[in-house]
Every structure is written in structure tokens, then in C-alpha cells.
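K.L.:
Just a sequence and a predicted model for now, questions to come.
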Number of protein chains: 2
Amino acid sequence: MEYEEPKFFHVMQYAARADGDVIDMVSGNPDWEPPAALREALHEYADLPPDDFQYPPSEGLLELREAIAARRNVDPDRVVVTNGTGEANYLAMARAFERGAGDEALLMDPVYPYYPGKTDMLGGESTLVPTERDGGLDVAAIREAASADTALIVLNTPNNPTGAVYGTDAIREVVAIAEAVDALVVVDEVYDHYDLTGEFESALTLSSDRVIVTSGFSKSMAITGFRVGYGVFPEAHVGDAKTRHMLVNVTGARPSQYAVHHALAETPPDYYAEARDLLAARADAFTDALDAAGAEYTRPEGAFYVLARFDGFPGTMANVKRLVDEAGVAGMPGDAFGTARDEWIRFALVTPRAAEAAERLTDYFAADAPDPR
Amino acid sequence: MEYEEPKFFHVMQYAARADGDVIDMVSGNPDWEPPAALREALHEYADLPPDDFQYPPSEGLLELREAIAARRNVDPDRVVVTNGTGEANYLAMARAFERGAGDEALLMDPVYPYYPGKTDMLGGESTLVPTERDGGLDVAAIREAASADTALIVLNTPNNPTGAVYGTDAIREVVAIAEAVDALVVVDEVYDHYDLTGEFESALTLSSDRVIVTSGFSKSMAITGFRVGYGVFPEAHVGDAKTRHMLVNVTGARPSQYAVHHALAETPPDYYAEARDLLAARADAFTDALDAAGAEYTRPEGAFYVLARFDGFPGTMANVKRLVDEAGVAGMPGDAFGTARDEWIRFALVTPRAAEAAERLTDYFAADAPDPR
């Protein structure tokens, strides 16, 4: 399987070259304003003395780590600030494999393509475990797949691409399975601010020494380009994660860390609530239109995405290009996300034109039911 | 061998806790102003629309890659913008090992401790090859050490910690050795703006498909905390380097890249010349005082450092602490840099108090010749 990014660029480029107007529902980049305090802090930073332009501590600015630790209710020593959630996942997954406790990663299918990509780079083997049709965890399937060779189980909640939010009980069962086979569980919670159910709970509440939680500010502050993420590691693993972080990156970018720290301290809860409400309204409008188009879909419980299935129109790259040309809507082929959602297409809700896109899809599938491909 | 950073912090913390006034000659952080255009660009960036706060291309902002490529006289497709020179070295070294062309890295001794650290993390084996007493490359020793198991030779010029600038002829010979044993040569040129000889030439002038050059803006723009570096890879290797970069970091921080791009375009040559002249003046003052103290040292041809040897006072951590307490000067123990300079202590010139520190050393070693330890 290829990684998401090349396919993502492939679709983006195709859409950009198309003749007509195309609505981009490919990328996961928020389209709303970052916190005002973030912009202010960047201005402030730009005028600081030269000392403040030098290396922060390798594991991140202390005040930022403390703020993260306070919010997460953990010891600051367990927090490593990383170059985005991507690096945090890399460190966490590397830690799982380097213990000599097996070579296999259990990944949920549909899967965010970076997970198998990182697994492969780290010399591990991916096993895809299908989730339920609604995107929920299939704990029995995970139990069946787990073996002595399993070093790692990766969960992502709220989930990209399914929009599922995993219940704490299910995660607890997965952690018990991991304990039984000496695996670590990496829980990527980067969409934690976009829980539409009100029931999301961090896996840190389990207080398990098997669990590494990763997250970041790319999505919550609408700053995917700032590259500020973090991992919360169990005490037994945080030292090795810090060493790898140092040897790979030395440290993360200080202007970004400074701005995020101030934004974290000074941004009112309303900012996050407004972004969440905006996304919920888009999800409603989009799924209403999918109903009208006769599509199957999963109503997102969180994150930025809707997976939809149109009868006789599988989620291949060819069909995605057809939608670009004939409907003026760009999505991501379901086969970019493993094998479980070949039939589906992922639409990202991070565009103000989500409702308009849904209408285009309705018109397209109503007017001219396409031939199966 | 431990990595530099923990020892670095150890000495810094010891110095901070000391009773008296201590001059810090430990860290390699420039103490001068960044380019004015960099500050201006950060202000400008802080007011850009939300789109500009999202992911830049994984391999870096196109305009920055093009500016680097133009300066380096290479195809922009060969340039990967990284999270500092540290990540560029990591990508380059990983590329050398993952080819299945051996497990050994030849590292020059004294050695920048991150190189053996990265080698170890990547599953390779370090072999330290002593340099000449003046820090110059010992090509014959490299030839003798090279074998079929050699995957990688790492050079750093201008050199940390010796201050040596390698001649192009010597590097060409090393590249020929690498060709003979199917190794890659990584040349870390992060101090390229601090060549005091006027004779430094980039290894890119060799146009070899064996050579990966790494560098960055941490030192040249006095912004070690911004994390903007780059690697220039041969065509055959750039694709794999980009994939690893994407899987580890997704991309580097955009505010930093934006600011560096503008600073690169708008900063006059005077800025770099002034910093170099400042460093040259400090090197003169410091080495004059070392003469007075009866120390052996290497006059730096480039970079930020002077290695000095005081008779009967080897460069151990214990002696470095003694200098902190008794002379009020903090340096780095020579044994942090491999085995070839156990007797030596590294002093970084990036403090306005370099001359004062030298006087303290002169007084200390003149007044009370210490017992050998």
C-alpha cells in the first residue's frame, strides 16, 4: 500500500488541472482561523532577544510541556514535544518494535496510511484488523489476531477516516490483549477536540504502562504547518523516546512551540467549541445530502471525515477522478486506507463548501446513475 | 560513548549551580543577532491567512528549496528541507545503511557525538578513524579502515570540534575510497559560513553521486531553535530520503521555513562577513591567551571551537568541573568527542566573553599549576 501523501497529491494535482470548478474535499487541513493568541505570540516572539532563537530543550519548552501535562493530568517528565503528531507516532511505534517483543503491528482497517508506512520503515510487519461496519473496534478480531509476535497495536480515535470515537471500555480490552502478548498500544488522539459525541475519553484515563498517547495542535489550532505535537510515554519508555527524538531531530521548532504555548494558555474554550460546532453543522448538511443521493455512509462521531459508498461506484482512483471531472468534487479513494473500505470514498469536511459539494453529489448520482466500474 | 547533549547539559547545569561567575564556553549557540529580515518575515507571517498556516510541501517550501538549489548550484529536486541539519544527517546516514551495502560507518576521531549516536540507533557499527594532530583528514588511515562492510563515511567541515577545514583534494580521495567499497559519503557543512581560511569549498563541487551534503541555517543565521536544515542528495537517493522524511516528520515547520526563505533572499553578504570577523577576532584573542597559558591548541580554520590541551590536566569531566569551580570557565571534556582528544578540552567561541575567559585560564594555569589527575 502506498502512503496517503502521494495519493493525496495525485488527487490534488488532478483536481487542480481539471477544467471546471472543483470542491476540494481531499486534504485534512482546517480552513478556519487559528487562535488570535497564536498570531499575537508569533509577533511577540519575532522581537525577542537572540537567546530565545536558540535550541529549546530537546524534549520541548518546559512551560509547554507543563501545560500539556496539566491538561492531560500526567507528570511533565512523561511528555515529549515532537515535530507534529507524525513524529510522536514514529517515536512511539519505534519504541514498541525496538524492545525485542515481536515484529508485528496490528492496525485497524480502514487505516491511516502513515501507520503501515512507518511500520514498514521500522522493519515491522503490518496486520490489518477490520473494524466494525460503523468503524467501531472489533475487539474479538483484535484478540484473535494478537500473538507472541505482536509488538504494537495502533488505535486512532476520533478516527481518520471512519469518524468513529472508541469507547473507553473497548480500549481497555485492547490494552488487556496487549498486556497478554507483551505489546504496546499507541493511541493517536490528534482529533480529540473534534469529538461530536461528548463521550470521548483519552486513553490516558486508563493509567496503563502499556499505553502511549500521541496528539498535537495541528488540528485543534488549525496549524498543520507549525509541527507541534507530543507523546505521553509510560515512565519505562520515555527515556528511550527522548533519545531517539534527540538523535533524529535534536528538538522541534521554537517559534512554533512558543506560539502554541501562548495560544494554549490564552485561548478561551469558545474557540474550540466554535470549530467543533462548525464541523458538526457541515457533517449534518453533508450527510443529509448523501441521504438524498442514496449513499451509504457513517455519520462521523468525530474528526474531519465522512466515508461514503455509492452503489455501483467503488472508491477507486479512476472513480475519484470521474467525480472530479463530472461532479466537481474531489475526495480520497477508499483503497488508500487499506482493504476494508475499497468501495468507499472519503470526503474531508474542512471546506466551507461542504454543503455545496454534497448537492453536487446528489445531482450527479440522481441525474445519471453511473455504470459500475 | 554518550551523546553530546547529556554531557552538554551536565556541564551547563554544573556551571549554573556554581557559586562564582562562570563564563559559558560549552554551547554552540551563536550569541549574535539573527538577520533583520528574519524578524521582519516572522512578523509578516504572523498576519497571513489560515492557508499559510497549513502543511508546506513535505520536502519544504518550493521557494526555499529553489533558493538553496540556486546557492548550491544543484537541481531543486535534489534538495530536501529538514528539521535542522540534525534530521538531514539522520536521513543521509539512514540512506547509506538501508542499501544493504554494509553496516559500518567510518567516523573521524575526534567526532561530533551525534554521529556515533545516530549510527547506533540505525543499527550500524561505528569505526573511529583518527585525524591528524591538526585535525586534518588522514586519508591513508581512512583507506586502511575501509572495507566491504563500510556503508558510510561521515565528514564534517569546517569541523566541530577541531576547527579544521578539509581540502577538496582530500575529500576527493575519500570519495574514491567510498566508491571502491560501495559506501556513501555524508559531508556535514553546517559551519560553511564560518570558514576563516577563505579556502573552503563545498563537496558538491565534486559532482559525485556518492556524496550527500547536509547543512542548515542554525549557525549561519544564529537560529539554532528554528530547525531549518537541508540535505542535497544524489538523484538515486533523493526519493528514499523524501519518503523517510515524510514518514518521520511529515514536513518541517512552516513559520521557520518562511522566515529563513525571506532572510536568505534579503540579507546582505555583510551580515555573514561580520559574524565571521567577530569569530576570527575571538579566535585570535583566545588563542593568544592560550599561548600565554602555555597550552597546546589548534588554531581554528573554521567553525566555533578551539580544542586546547593543558599539560598534566586531561580533558576529563572532573577537570572540566574543576575549571568551572576554580577558574570560572566552562568547556566540554575532550573525551566527549571520541578517543583521540582525551587530553583536550573544547571551548566554544560563541560568547562575547571569550577573551576574558582566556585571561582567566592564563591566570589559573600560571598561578597554580594543577596536579595531574
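P.N.:
In hand now; what should we look at? Numbers count the residues shown, from 1 in each chain, chains lettered A, B, ... in the order given.
K.L.:
Quick check: which ranges of chain A have low pLDDT?
P.N.:
Along chain A, segments meeting pLDDT under 70 span A:1-6, A:367-373.
K.L.:
how many neighbours does the residue nearest to A:Arg254 when sequence neighbours are not counted have?
P.N.:
Computed as Cβ to Cβ, 6 or more residues apart in numbering or on different chains, the closest residue to A:Arg254 that is not its neighbour in sequence is B:Gly225, at 3.4 Å. For every residue, glycine as well, the C-beta is placed using N, CA and C. Neighbourhood size, B:Gly225 [other Cβ atoms under 10 Å in any protein chain shown]: 25.
K.L.:
so B:Gly225 makes contact with A:Pro56?
P.N.:
Yes. Counting by Cβ atoms under 8 Å, A:Pro56 is a contact partner of B:Gly225 at 5.7 Å.
K.L.:
Overlap of the contact sets of those two?
P.N.:
Applying Cβ atoms under 8 Å, 6 or more residues apart in numbering or on different chains, one finds that B:Gly225 and A:Pro56 are jointly contacted by A:251, A:254.
K.L.:
got the phi/psi numbers for the residue nearest to A:Arg254?
P.N.:
phi -80, psi 0 (degrees, to the nearest 10).
K.L.:
Could you pull up the residues touching it?
P.N.:
For B:Gly225, the contacting residues are A:52-56, A:251, A:253-255, by Cβ under 8 Å, 6+ apart.
K.L.:
Break chain A down into its domains, please.
P.N.:
A:4-33+A:270-367, A:55-266 (automatic domain parsing).
K.L.:
Deepest in the core, which of these is it.
P.N.:
domain A:55-266 (a mean of 22; mean count of other Cβ atoms under 10 Å in any protein chain shown).
K.L.:
gap between that one and the chain center?
P.N.:
Centroid displacement of domain A:55-266 relative to its chain, using Cα atoms, centre = their mean, to the nearest Å, is 10 Å.
K.L.:
Let me see the ranges of the strands in the stretch 151-300 of chain A.
P.N.:
Along the stretch 151-300 of chain A, the stretches classed as strands by DSSP state E, counting those that start in this stretch are A:184-188, A:211-216, A:229-232, A:296-297.
K.L.:
who does the last one pair up with?
P.N.:
To tie it back to what came earlier, the one meant is strand A:296-297. strand A:305-309 (antiparallel) (DSSP bridges).
K.L.:
Quick one: list the elements packing against the helix or strand just after the partner strand.
P.N.:
Going down the chain from strand A:305-309, the next helix or strand is helix A:317-327, by DSSP states H and E. For helix A:317-327, the helices and strands in contact under the criterion 3 or more Cβ pairs under 8 Å, 6 or more residues apart in numbering or on different chains; DSSP states H and E are helix A:4-17, strand A:329-330, strand A:332-333, strand A:344-348, helix A:354-367.
K.L.:
Export those to TSV and append columns for distance to chain B.
P.N.:
Putting these into TSV (distance: least, Cβ to the nearest Cβ, whole Å) gives the following:
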stretch	distance to chain B
helix A:4-17	6
strand A:329-330	16
strand A:332-333	15
strand A:344-348	12
helix A:354-367	16
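K.L.:
To B:Gly312, which of the ones you listed lies closest?
P.N.:
B:Gly312 lies closest, by Cβ to Cβ, to one member of the helices and strands packed on helix A:317-327: helix A:4-17, at 58.5 Å.
K.L.:
Can you list the neighbours in contact with that closest one?
P.N.:
By Cβ under 8 Å, 6+ apart, helix A:4-17 touches A:22, A:24, A:26-27, A:112-114, A:317, A:320-321, A:324, A:330-333, A:336-337, B:58, B:246, B:250.
K.L.:
thinking again about what came up before, could you say which one of the helices and strands packed on helix A:317-327 comes nearest to B:Ala41?
P.N.:
helix A:4-17 (26.6 Å).
K.L.:
Report the inter-axis angle for that closest one versus helix A:317-327.
P.N.:
30 degrees (axes from the mean of the first three to the mean of the last three Cα atoms, to 10 degrees).
K.L.:
Could you give the separation of helix A:4-17 from the chain centroid?
P.N.:
Its chain's average C-alpha position is 19 Å from that of helix A:4-17, according to Cα atoms, centre = their mean.
K.L.:
next SSE after it?
P.N.:
Counting by DSSP H and E, what follows helix A:4-17 is strand A:23-24.
K.L.:
hmm, that following strand in reach of chain B?
P.N.:
No. Using Cβ under 8 Å from any Cβ of the partner chain, strand A:23-24 never reaches chain B; the gap is at least 11.5 Å.
K.L.:
Just the residues contacting that strand, thanks.
P.N.:
Contacts to strand A:23-24, defined as Cβ under 8 Å, 6+ apart, come from residues A:12, A:15, A:328-330, A:351, A:353, A:356-357, A:360.
K.L.:
Name the residues of the stretch 51-200 of chain A found near chain B, please.
P.N.:
So the stretch 51-200 of chain A meets chain B at A:51-56, A:58, A:83-84, A:86-87, A:90, A:114, A:117-118, A:121 (Cβ under 8 Å from any Cβ).
K.L.:
Can you check which helix is longest in chain A?
P.N.:
helix A:269-292 (DSSP state H).
K.L.:
mind saving the C-alpha coords of that one as PDB?
P.N.:
What follows is helix A:269-292, C-alpha atoms only, in PDB (Å, rounded to 0.1, in the frame of the first residue of the first chain):
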ATOM      1  CA  PRO A 269     -12.900  27.300  25.300                       C
ATOM      2  CA  ASP A 270     -15.300  29.000  22.900                       C
ATOM      3  CA  TYR A 271     -12.600  28.900  20.200                       C
ATOM      4  CA  TYR A 272     -12.600  25.100  20.300                       C
ATOM      5  CA  ALA A 273     -16.400  24.800  20.700                       C
ATOM      6  CA  GLU A 274     -17.000  27.000  17.600                       C
ATOM      7  CA  ALA A 275     -14.700  24.900  15.400                       C
ATOM      8  CA  ARG A 276     -16.500  21.800  16.600                       C
ATOM      9  CA  ASP A 277     -19.900  23.200  16.000                       C
ATOM     10  CA  LEU A 278     -18.900  24.300  12.500                       C
ATOM     11  CA  LEU A 279     -17.800  20.800  11.800                       C
ATOM     12  CA  ALA A 280     -21.000  19.300  13.200                       C
ATOM     13  CA  ALA A 281     -23.100  21.600  11.100                       C
ATOM     14  CA  ARG A 282     -21.100  20.600   8.000                       C
ATOM     15  CA  ALA A 283     -21.400  16.900   8.800                       C
ATOM     16  CA  ASP A 284     -25.200  17.300   9.100                       C
ATOM     17  CA  ALA A 285     -25.500  19.100   5.800                       C
ATOM     18  CA  PHE A 286     -23.200  16.700   4.000                       C
ATOM     19  CA  THR A 287     -24.900  13.600   5.300                       C
ATOM     20  CA  ASP A 288     -28.400  14.900   4.600                       C
ATOM     21  CA  ALA A 289     -27.300  15.300   1.000                       C
ATOM     22  CA  LEU A 290     -25.800  11.900   1.000                       C
ATOM     23  CA  ASP A 291     -29.200  10.600   2.100                       C
ATOM     24  CA  ALA A 292     -30.700  12.300  -0.800                       C
END
